[in-house]
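S.K.: let's see this in three dimensions:
(6 chains)
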6 protein chains.
Amino acid sequence: MRIPSGVSGFDSLTDGGFPEGRLYILSGPPGSGKTTFSAQFLTKGYENGERGLYVSMHETRAGIIQDMSGYEFGFDRAMQDTRVHFLDALGSEGKRFFGSPGERVDRNSLVNRLVGFVESRGIDRVVVDSTMLLRYLMDDDENTVMRFLNALKRTDATTLLISEMTDPSAYSDEHFLAHGVIFFHNYLKDDQMRRGIQVVKMRGTPVDTDIHQFSFTPAGIVIEPETQAEK
Amino acid sequence: MRIPSGVSGFDSLTDGGFPEGRLYILSGPPGSGKTTFSAQFLTKGYENGERGLYVSMHETRAGIIQDMSGYEFGFDRAMQDTRVHFLDALGSEGKRFFGSPGERVDRNSLVNRLVGFVESRGIDRVVVDSTMLLRYLMDDDENTVMRFLNALKRTDATTLLISEMTDPSAYSDEHFLAHGVIFFHNYLKDDQMRRGIQVVKMRGTPVDTDIHQFSFTPAGIVIEPETQAEK
Amino acid sequence: MRIPSGVSGFDSLTDGGFPEGRLYILSGPPGSGKTTFSAQFLTKGYENGERGLYVSMHETRAGIIQDMSGYEFGFDRAMQDTRVHFLDALGSEGKRFFGSPGERVDRNSLVNRLVGFVESRGIDRVVVDSTMLLRYLMDDDENTVMRFLNALKRTDATTLLISEMTDPSAYSDEHFLAHGVIFFHNYLKDDQMRRGIQVVKMRGTPVDTDIHQFSFTPAGIVIEPETQAEK
Amino acid sequence: MRIPSGVSGFDSLTDGGFPEGRLYILSGPPGSGKTTFSAQFLTKGYENGERGLYVSMHETRAGIIQDMSGYEFGFDRAMQDTRVHFLDALGSEGKRFFGSPGERVDRNSLVNRLVGFVESRGIDRVVVDSTMLLRYLMDDDENTVMRFLNALKRTDATTLLISEMTDPSAYSDEHFLAHGVIFFHNYLKDDQMRRGIQVVKMRGTPVDTDIHQFSFTPAGIVIEPETQAEK
Amino acid sequence: MRIPSGVSGFDSLTDGGFPEGRLYILSGPPGSGKTTFSAQFLTKGYENGERGLYVSMHETRAGIIQDMSGYEFGFDRAMQDTRVHFLDALGSEGKRFFGSPGERVDRNSLVNRLVGFVESRGIDRVVVDSTMLLRYLMDDDENTVMRFLNALKRTDATTLLISEMTDPSAYSDEHFLAHGVIFFHNYLKDDQMRRGIQVVKMRGTPVDTDIHQFSFTPAGIVIEPETQAEK
Amino acid sequence: MRIPSGVSGFDSLTDGGFPEGRLYILSGPPGSGKTTFSAQFLTKGYENGERGLYVSMHETRAGIIQDMSGYEFGFDRAMQDTRVHFLDALGSEGKRFFGSPGERVDRNSLVNRLVGFVESRGIDRVVVDSTMLLRYLMDDDENTVMRFLNALKRTDATTLLISEMTDPSAYSDEHFLAHGVIFFHNYLKDDQMRRGIQVVKMRGTPVDTDIHQFSFTPAGIVIEPETQAEK
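M.R.: Next comes the predicted model:
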């Protein structure tokens, strides 16, 4: 089954939205739109009556609501509903949940607790912001990170994992592990910075893999499907 | 002897298909077609009455069947037959087989068990998805990985090993070790993403080493032999 | 709320200045204007009656005043007022505060003391010069650095963190962690070195992300908004 | 004294063949012709009544004969004669000889045994396939590898060492250590993959160091001396 | 206050010479003019009645005098005066001063002794040749190197630190730490090697940051201010 | 004082030859002429009645004489005279001298013995082939290598050190340490490989730093000073 992304113009690139229950990676440089896309995704689920979870190391709940306050797609309403959970990995609740780095938490049980949280609450859409968070919380243990991602893939939730792209010339393990990979691009055209989005991979779905321009509008990210970006 | 690949247009690049009983590497970026090629390969063997084995760390049996459900080449029928085995390295069966990373499993005996599985069941076609899996299961021990690949080369099965390509400017040890190497390319042409496949190496066989365009069709990957890709 | 940057032409790129209470990274090669920008930022706050803190490993208070003595924007007046604190990490006060590298200071308590300093004194604007300082004081412990940055993000102060850019082709963790990222560029045009500034990222704000030329004038950095730099 | 290479067109690039009793490196990407060149070299020696040794980690004797079965230069006859020895480093004989990696074999005595094998049997031509083998057997101990290569240089045999080229932009220690270095190139020309061979270095011999195209023919590698490859 | 560099044409690029009492880095490839510039700088101070110190690991006093003997700017006279000190880090005096690498000298006390030497003798101009020396003497301890540079910045002396540039695409920590950075360039123009000098950074001073051609003349380095180098 | 290089056309690039008693680096890819240049250098000294020393890890005395046997500049006569010493680091004499790697030889005493050998015998010209040798004998201890090079600089001998260039985009410490640096280039021109030589650095001497073509002739390397190489 397909679930709508909540991002205008995106679903037509992917034959109708995200195949449900799978893991997708959003990769791109700083400021390229990964968080805004994720906020629209979570809000769309909320509007459809689904349950959501946003796990962040970067922001408090108030901070991310403020980040999105310039948009009108209703992220604040979603975040204030009990159906949408927010886990601030560095706040007091998050510390109870994850422990502090350096503490010898049982990493297996951490994976189990996170997956248990998703499953016991019947979460439909998960956003994990970000792989940097995972490496930080899991003490850079690649095997634990991969075990966590594999465990997430086996839940019924549809997950977006925000992945910082530090070296744009190399792929990461999570790109291969995920069901889908979406790249966010910043590029110069006629001496102006343009924004682009590209569905690099999506298993089990015919996709349009070209780079498409998008804009940040009051309604959030809007992809212009008719204009094909030249890179 | 040659065995047909099951991928339309591929066998004519390799003088009639894969030389039997040997080890081939499929390398490429995420979403470039490595898994689909492998699924067609395994299905073709099934249709010819052969026995198959798919070893995956990335997916459950259900997940990979779903991934291929958009194609009509019959992967689901193959996977549901007892002649085709599926080993989910991270599922309960796989854990019994491989142990968990970190557990001090005897890695020599792991290699022996995998090879014994292939030999005792008379497996004809093996897909190992992927080198990331091998490194994960074998605790990044390059010597164990190489011993495993060498052991696979010495069985009678024809093996496809999916190899993630994280740095496209460098070759890996497995490229040199294998009997054949097939690269999957994504490239821009006239502002559109194109797909390409290239037989970089195939021992004992005259091969067409040019890059050839291919498409994802309902019948799976279809190589257009007449159109030579310009890169 | 927006706070003015104190840099002529900058606020119009960012819809009216910096969103308050957040963390911004200034990145660029040596001599590209990061320190001058920071000095103007701190001075502007001082002129508006705010409290400031400049943490430096590179310079003494006298040294940085001398560095800015060629400008007329009033940095020396600001630095001599009790509302603006200066912490010379390598001077005697700084050593009392931070300890010496190699000394087994409790790094958690160091983070707490710095954040406590900001909070107890009601500091409005903080400049941290630089990430090299942080890594040096925190014994290259990335987790401590990130914990410190996250703690700063949670204070009410608006913080500029100067980040040395040693490898211009890669992003750093702090670029992803920050609310905003500003790049300083040096580039050749018509055989002359030009200066450019670029707001790469600023959460919650529509920004002009093009590269804009700027000059060092007696009034400090002046951005020429009408001239769009070609890179 | 010169010894003929057995590769059509090669000897005219090197003033009549390989200077005898020395060590040569064959370097190139996967599938570029290194093994085929080596097989022709060994066969030529056999035809001239010389003794040969092929040390392989990659293949069994049967496997390499099969690899070369598409050619008509008589490698199988050579390999079945008692004058040509084959050492399969991973087979039972090889394990007796080399031990297994990880086993604490005395590496000095391993070097001595290999060199002793060559000297006691009066081997004239040696092929070592490959440096990956050496590093694997010698536990990545560069000093042992270099000692082995230096010991080989001091025997009377003429040795070809196949060297995997993982990073084409860098030379390896063995390139400097060897008496000669031959590069195998794959390159695009008029949108087709071409094969090239280049004698980069050969001590004591005037050589043609240009890249020359070659083809894989039923007679093995045939260099086209009149056509100079443009790269 | 400004102090003259002693290099013809340089002071006009920097608004009258070097701001006094600060630390400058000279960076460039081998043979690009860093040592000659430093010798002119030290000689100029000597002619003005100042005290100097040249710390070298590369050369003896006699060696560096010989190196400069082809020039007529009077380096030998300066070096033979008691006002100019020479510390040969590898000679017997230097060893007494610095100890040998590997000896467990107290590195803090080494920093203190060097700074004490500068301060107690009232040295006005210091040349440290080179960062390689510092890393060698300080056992590659980056923190000790940085502490030493920071201590030098806090003396009254004006210091030139020669910095080998091994990777021209990356900046080093010392480039950010210094008050000024001067790059020496070698580049091809009309098929001839040209020399260029560029003031990349100089705090507190309006500078001409273009690349300027220079020549090695009997009077030492002479910058041609009217000719702007095209790179 | 200048000493002639023995290489036709070279001395005119360096104002009359090598400044005496100093250390020069010859750097280049495999097969680029470093060893031949060194052999001509040593032979020229022999012809002028000087004493020489050739230290090699790569070759036996017989091997290097054979390498040079295609040339007519008289290297064999020089090598057979008692005034020219040859030290085969891997032969029995060399092992007595250097010990074997891994043996815990006192590395300080090794440096002293080598320098003592040069000084006690009054050696005028030294060739060290190569930095790989030094790193191998000195167990990769960079400080010992640098101490050795510095000790050589302080003898009266003129030394050529052959330096393998594995990464052509980076300089090595020895390039900065040496009095002079000579690069050997291989490059394509009009589709043919050309040889080039370039004096990158030579302290105390006005030099022609352009790339000059050279040929391997029966008389050894001959530089064509009138033809300036375009690279």
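S.K.: mind listing the strands for chain A?
M.R.: Listed in chain order, the strands of chain A (DSSP state E) span residues A:2-3, A:18-19, A:23-28, A:52-56, A:84-88, A:125-129, A:158-164, A:180-189, A:192-202, A:212-217, A:220-228.
S.K.: mean neighbour count for those strands - can I get that in JSON lines?
M.R.: (C-beta placed from N, C-alpha, C; glycine too.) As requested, those are exported to JSON lines (neighbours: other CB atoms under 10 Å in any protein chain shown):
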{"stretch": "strand A:2-3", "mean neighbour count": "17"}
{"stretch": "strand A:18-19", "mean neighbour count": "24"}
{"stretch": "strand A:23-28", "mean neighbour count": "24"}
{"stretch": "strand A:52-56", "mean neighbour count": "24"}
{"stretch": "strand A:84-88", "mean neighbour count": "21"}
{"stretch": "strand A:125-129", "mean neighbour count": "26"}
{"stretch": "strand A:158-164", "mean neighbour count": "24"}
{"stretch": "strand A:180-189", "mean neighbour count": "20"}
{"stretch": "strand A:192-202", "mean neighbour count": "21"}
{"stretch": "strand A:212-217", "mean neighbour count": "19"}
{"stretch": "strand A:220-228", "mean neighbour count": "17"}
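S.K.: out of those strands, nearest to chain B?
M.R.: When the strands of chain A are ranked by proximity to chain B, the top entry is strand A:192-202, at 2.4 Å, counting by CB to the nearest CB.
S.K.: using PDB, write out every CA atom in the closest one.
M.R.: The C-alpha atoms that make up strand A:192-202 are tabulated as PDB, following Å, rounded to 0.1, in the frame of the first residue of the first chain:
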ATOM      1  CA  GLN A 192      21.500  31.400  -8.300                       C
ATOM      2  CA  MET A 193      21.200  28.600  -5.800                       C
ATOM      3  CA  ARG A 194      18.500  26.200  -6.700                       C
ATOM      4  CA  ARG A 195      17.000  23.300  -4.600                       C
ATOM      5  CA  GLY A 196      16.700  19.900  -6.100                       C
ATOM      6  CA  ILE A 197      15.200  16.600  -4.900                       C
ATOM      7  CA  GLN A 198      16.000  13.200  -6.400                       C
ATOM      8  CA  VAL A 199      14.600   9.700  -5.600                       C
ATOM      9  CA  VAL A 200      17.800   7.700  -6.100                       C
ATOM     10  CA  LYS A 201      16.300   4.300  -5.000                       C
ATOM     11  CA  MET A 202      12.900   3.000  -4.100                       C
END
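S.K.: neighbouring strands for it, and are they parallel or not?
M.R.: strand A:180-189 (antiparallel), strand A:212-217 (antiparallel) (DSSP bridges).
S.K.: switch those over to a markdown table; also include mean pLDDT.
M.R.: Output for the strands paired with strand A:192-202, formatted as a markdown table (pLDDT from 0 to 100):
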| stretch | mean pLDDT |
| --- | --- |
| strand A:180-189 | 85 |
| strand A:212-217 | 92 |
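S.K.: same list (these) but as JSON lines, adding distance to residue F:66.
M.R.: Compiled in JSON lines, these are given as follows (distance: least, CB to CB, whole Å):
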{"stretch": "strand A:180-189", "distance to residue F:66": "58"}
{"stretch": "strand A:212-217", "distance to residue F:66": "66"}
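S.K.: rewinding a little: out of the strands of chain A, flag the one nearest residue D:204.
M.R.: The minimum distance between residue D:204 and these falls on strand A:192-202, with 52.8 Å, by CB to CB.
S.K.: distance check, the residue positioned nearest the centre of chain A against residue A:93.
M.R.: The structure's chain A has its C-alpha centroid closest to residue A:160; by CA atoms, centre = their mean the separation is 3.2 Å. Plainly put, residue A:160 is 21 Å away from residue A:93 if you go by CB to CB, to the nearest Å.
S.K.: please apply the same query to residue A:223.
M.R.: Residue A:223 sits at a distance of 35 Å from residue A:93 (criterion: CB to CB).
S.K.: same question, residue A:59
M.R.: For residue A:59, the distance to residue A:93 under the criterion CB to CB works out to 14 Å.
S.K.: in terms of neighbours, single out the busier of the two.
M.R.: Using other CB atoms under 10 Å in any protein chain shown, the more surrounded residue of residue A:59 and residue A:93 is residue A:59, with 24 against 13.
S.K.: for that one, which non-adjacent residue is closest in space?
M.R.: The shortest distance from residue A:59 to any non-neighbouring residue, by CB to CB, 6 or more residues apart in numbering or on different chains, is to residue A:67 (6.8 Å).
S.K.: mind listing the residues bridging to the closest residue to residue A:202 other than its chain neighbours?
M.R.: Taking CB to CB, 6+ apart as the measure, residue A:202 lies nearest to residue A:180, with 4.0 Å between them; neighbours along the chain are not counted. In this structure, residue A:180 bridges to residue A:24, residue A:202 when assessed by DSSP bridges.
S.K.: can you tell me which residues contact residue A:180?
M.R.: Residue A:180 makes contact with A:18-19, A:22-25, A:199, A:201-203, A:205, B:31, according to CB atoms under 8 Å, 6 or more residues apart in numbering or on different chains.
S.K.: wait, doesn't residue A:5 sit right on residue A:44?
M.R.: Yes: taking CB atoms under 8 Å as the definition, residue A:5 is a contact partner of residue A:44 at 6.7 Å.
S.K.: ok, those two, which is more surrounded?
M.R.: For residue A:5 versus residue A:44, neighbours defined as other CB under 10 Å are more numerous around residue A:5 (25 against 21).
S.K.: ok, the more buried one to residue D:122 distance?
M.R.: Shown here: residue A:5 relative to residue D:122, a distance of 73 Å by CB to CB.
S.K.: just residue A:2 next, same as before
M.R.: Distance, residue A:2 to residue D:122, by CB to CB: 73 Å.
S.K.: do residue A:1 as well
M.R.: 73 Å.
S.K.: swap in residue A:210?
M.R.: Per CB to CB, residue A:210 is found 65 Å from residue D:122.
S.K.: so which of the two has more stuff around it?
M.R.: Neighbours were counted for residue A:210 and for residue D:122 using other CB under 10 Å; residue A:210 has more, 19 against 11.
S.K.: can I assume that one is in contact with residue B:186?
M.R.: No: taking contact to mean CB under 8 Å, the distance of 11.0 Å between residue A:210 and residue B:186 leaves them out of contact.
S.K.: can you list residues touching both of the two?
M.R.: When CB under 8 Å, 6+ apart defines a contact, the residues bordering residue A:210 and residue B:186 alike are residue B:193.
S.K.: where in chain A is pLDDT low?
M.R.: Counting by pLDDT under 70, chain A has low-confidence residues at A:99-108, A:140, A:142, A:166-169, A:188-191, A:225-231.
S.K.: and it, which of its residues are near chain B?
M.R.: Counting by CB under 8 Å from any CB of the partner chain, chain A comes close to chain B at A:19, A:143, A:146-147, A:150, A:153-154, A:169-173, A:175-181, A:200-206, A:209-210, A:228, A:230-231.
S.K.: now which of those would you call buried?
M.R.: A:19, A:143, A:146-147, A:150, A:153-154, A:171-173, A:175-181, A:200-205, A:209-210 (16 or more other CB atoms under 10 Å in any protein chain shown).
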